[in-house]
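Peer 1: here is a sequence together with a model predicted from it:
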Amino acid sequence: MPGFAAHPLRPLANLRLPPSVASLPPAPRGFFLAPTESVARRLLGAWFVRPWRGRTYGARIVEVEAYLGTTDAAAHSFGGRRTARVEPMYGPGGLLYVFAVYGMHYCANVVTREEGVPHAVLIRGAEHPGVPASTLSGPARFCRALGIVRGDSGRDFAAGSGWEIRPDPVSRRAVVASPRIGVDYAGEAAGWRLRFSISGNPAVSRPPARPSSTRSRRPAGDAGRRAAPRPRGSAKS
């Protein structure tokens, strides 16, 4: 495990973990090794948990986007791209992958699949009973509220470090699938319905234009045709 620097940011005080969440067990490694779309759906309702100075903070995930690696033109790892920044995506499922958007904001992703398969799920929105819905709505606000920074990239949710995902499944009927946000450059992949959110939840960053099937329309096998390359500075994982 890499060394992690001291945090320049602290989580919001109101994001202390509610007592009711204490009974939820953390997800084991196997949870993250499942197919990425399945992990994305199962992350809805789960609590993202992190420690800070002896206390535990967290938020309940309500919106995510799945990114399918080397054949997904919206993914940082499209075409096998492998840099120091992207390296956590190539690790085993259960790692945290954090990237900066234009050097100003951070976005957090949960790495999925087995080592060497660079898939991940972006957390787009979450909620907590102690704060307004807008506080954790959007990937940058989520990271800011929980004090997640670039130096956290590579943390392991399945290593007993206190950084955890605690699943609390929602009904499949409550899940809405829609195209991902901000990936118009990705050709055919731009239309894949790999954004999943809890229907009607006020913390969803951008409500889908209309209800859709929870099935993502994409080629079988997470493959798809090669699409246009992602422009420099893209924010997607």
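Peer 2: That came in fine, so what should we check first? Numbers count the residues shown, from 1 in each chain.
Peer 1: which intervals of the protein have sub-threshold pLDDT?
Peer 2: Scanning the chain for pLDDT under 70 picks out the ranges 1-8, 210-237.
Peer 1: tell me where it has strands.
Peer 2: Secondary structure of the chain (DSSP state E): strands at 47-52, 55-67, 96-101, 105-112, 119-127, 164-166, 175-178, 195-198.
Peer 1: now the residue of the chain most remote from its centre: how far from Arg16?
Peer 2: With distances taken as CA atoms, centre = their mean, the residue sitting farthest from the centre of the chain turns out to be Gly54, at 24.7 Å. In this structure, Gly54 and Arg16 are 12 Å apart, going by CB to CB, to the nearest Å. Quick note: C-beta positions are derived from backbone N, CA and C, even for glycine.
Peer 1: over to Thr112?
Peer 2: Computed as CB to CB, the Thr112 to Arg16 distance reads 28 Å.
Peer 1: which one's more surrounded, these two?
Peer 2: For Thr112 versus Arg16, the count of surrounding residues by other CB atoms under 10 Å is larger for Thr112: 30 against 15.
Peer 1: mind listing the helices for the chain?
Peer 2: In the chain, helices defined by DSSP state H lie at 29-33, 36-43, 139-146, listed in chain order.
Peer 1: okay if I get those as a markdown table plus mean neighbour count and distance to Ala84?
Peer 2: Conversion of these to a markdown table gives the following (neighbours: other CB atoms under 10 Å; distance: least, CB to CB, whole Å):
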| stretch | mean neighbour count | distance to Ala84 |
| --- | --- | --- |
| helix 29-33 | 17 | 22 |
| helix 36-43 | 23 | 23 |
| helix 139-146 | 22 | 20 |
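Peer 1: out of those helices, nearest to Pro88?
Peer 2: For Pro88, the closest of the helices of the chain is helix 29-33, at 12.3 Å, according to CB to CB.
Peer 1: ok now the closest one, how far from the chain's centre?
Peer 2: Helix 29-33 has its average C-alpha position 14 Å from the chain's average C-alpha position, going by CA atoms, centre = their mean, to the nearest Å.
Peer 1: over to stretch 31-47?
Peer 2: Centre to centre, stretch against its chain (CA atoms, centre = their mean), the figure for stretch 31-47 is 9 Å.
Peer 1: now the end-to-end length of that stretch.
Peer 2: Across stretch 31-47, the straight-line distance between its terminal residues is 14 Å, by CA to CA, to the nearest Å.
Peer 1: now swap in stretch 98-108 and tell me
Peer 2: End-to-end distance for stretch 98-108: 5 Å, by CA to CA.
Peer 1: which parts of that stretch are buried?
Peer 2: Taking 16 or more other CB atoms under 10 Å as the basis for neighbour counts, the residues of stretch 98-108 that come out buried are Val98, Phe99, Ala100, Tyr106, Cys107, Ala108.
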